[in-house]
Every structure is written in structure tokens, then in C-alpha cells.
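Chemist: Here's a sequence, model it:
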Amino acid sequence: MRLNDPLVTSFIYNGKEYAINFAFDVVLDAFDWLDRKDLRDHEKAEICLELLLGESLQGLEAVELWNYIYEEFIEMKQEKRVEYDLQGNPMPTKEDNDNKRLIDFEKDAAHIYASFRQAYGINLFDEHGKMHWHEFRALFQGLPADTSMKWIMRIRAWEPSKGESNEHKQNMRELQKIHALDDPEEVD
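Modeler: Residues are numbered from 1 along each chain as shown. Below is the predicted model of the structure:
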């Protein structure tokens, strides 16, 4: 996201211009369709494109266009900060939490709503059809540490470390079970 670029309302793909509805609630609706187990991938892509573009595309064409839209405009990539040693070589990084899922827009909806109200005074229901996905994403990523959503994300990302008391570790494991995105029995 660049502040001197306008929010994306259209794009060109394979020489054709597409108008796109990037209201955050429409993108979240697309995520709901992507989670469906009873649909094939091409069907999910077709439905998502219908939601965002208002156009029907079929098969491989739909999948390729959906993949482009997702990777270019929707995916919430976290910038990796690279640290360097004194010689200027990249330092090894711990990547365990990079692949750990920390949010689920459906399961965390109440915490996301509350965090936006707490941090920004924004009622997300009033923003349906208005707030662009990129605005939503920037505000979400910038939520202050004292919001409930950031607190839950810290719990999910937590891993035991030396120096922590056994009581603290047990407490954190219990909190991880409570706020787990997967089956609670799967949390160590």
C-alpha cells in the first residue's frame, strides 16, 4: 500500500480492464466461499469473481484470474524484517510463527469488531460496502497491542521460552486451548 496511489477499484489483466468491488465485507464473503469443502477450486474461484467483479468466468480462466487478484490485491503478507550481523550478512531467523495461523476472520469476528471500535471508534457494520479492503487491512495490521484481537494473536503465537515460570507456561497453554483456531485437542 502506498499513500500516493489511489485505492484499487479496477485493474488490467491480460489486456482487459476489470472493475472490482474491494469492500472489506465483500472480500470476507469471498473468504467464506473459499472455506467451503463442498465446492471444487474452480467453483470457488468462479463465485469469488462473481462477488468481486460482478462477472461470470468459468474454469481455468476463473482460477487464474482469481489467483492473480488474491496474490496482488487481497493476500495479507507480513513484511519480514531482516537483521544483519556486523559483516552485513543476514542473520538466521526463527520462522516457526511465520507459518502459524493467527487469525480467522469468522471465528475472530467479535474480537476484530471490538478492536476496531476500541482503537478507532469504527463500527465495521456501518462500513459495509464502503471501507476498501486495503484500508481494512492497514487498520487491522495497525491495531494497538492493547486490543483484544492483538492479545489473542499474541497468545496464539506464544511459544515457551527459558526463564518463564511453569505457572505462566501452563496459563499460556490454557489460553492457547481456549483461543485455538483448530481443534483444541491438537494444541500441545
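
Chemist: quick one, what contacts the residue nearest to the spatial centre of the chain?
Modeler: The residue lying closest to the centre of the chain (CA atoms, centre = their mean) is M76, at 4.9 Å. Contacts for M76 (CB atoms under 8 Å, 6 or more residues apart in numbering) come out as R137, F140, Q141. Heads up, the C-betas are built off the backbone N, CA and C, glycines and all.

Chemist: Next, the first one: secondary structure please.
Modeler: Going back to what we said before, that points to R137. helix (DSSP: H, G, I helix; E, B strand; the rest coil).

Chemist: That one: neighbour count?
Modeler: Close neighbours of R137, defined as other CB atoms under 10 Å, add up to 18.

Chemist: Nearest spatial neighbour of it, chain-adjacent residues omitted?
Modeler: In space, and not counting its chain neighbours, R137 is closest to M76: 5.8 Å by CB to CB, 6 or more residues apart in numbering.

Chemist: what do you get for the last one?
Modeler: The shortest distance from Q141 to any non-neighbouring residue, by CB to CB, 6+ apart, is to M76 (7.4 Å).

Chemist: what secondary structure does the residue nearest to R137 sit in?
Modeler: Per three-state DSSP, M76 ends up coil.

Chemist: mind checking pLDDT for it?
Modeler: What the model reports for M76 is a pLDDT of 71.

Chemist: What separation do you get for the residue nearest to Q141 and E46?
Modeler: For M76, the distance to E46 (CB to CB, to the nearest Å) stands at 23 Å.

Chemist: Over to E61?
Modeler: Taking CB to CB as the criterion, E61 is separated from E46 by 9 Å.

Chemist: go on, H128?
Modeler: 23 Å.

Chemist: Check E135 too.
Modeler: E135 is 27 Å from E46, by CB to CB.

Chemist: Which of these two has more residues huddled nearby?
Modeler: For E135 versus E46, the count of surrounding residues by other CB under 10 Å is larger for E46: 23 against 17.

Chemist: could you point out where this protein is predicted with low confidence?
Modeler: When residues are selected by pLDDT under 70, those of the chain lie in 1, 77-82, 84-87, 89, 91-99, 183-188.

Chemist: That one: strands as residue ranges?
Modeler: Using DSSP state E, the strands found in the chain span residues 10-13, 16-19.

Chemist: Each with direction, which strands does the last one pair with?
Modeler: The sheet places strand 16-19 alongside strand 10-13 (antiparallel), with pairing taken from DSSP bridges.

Chemist: now do the same end-to-end measure for stretch 27-47.
Modeler: This stretch, stretch 27-47, spans 12 Å end to end (CA to CA, to the nearest Å).

Chemist: tally of neighbours for the residue lying closest to V26 once chain neighbours are set aside?
Modeler: Once flanking residues are discounted, V26 sits nearest to L51: 5.6 Å by CB to CB, 6+ apart. Using other CB under 10 Å, L51 has 17 neighbouring residues.

Chemist: which residues sit in contact with L51?
Modeler: Counted by CB under 8 Å, 6+ apart, L51 has contacts N21, V26, D29, A30, W33.
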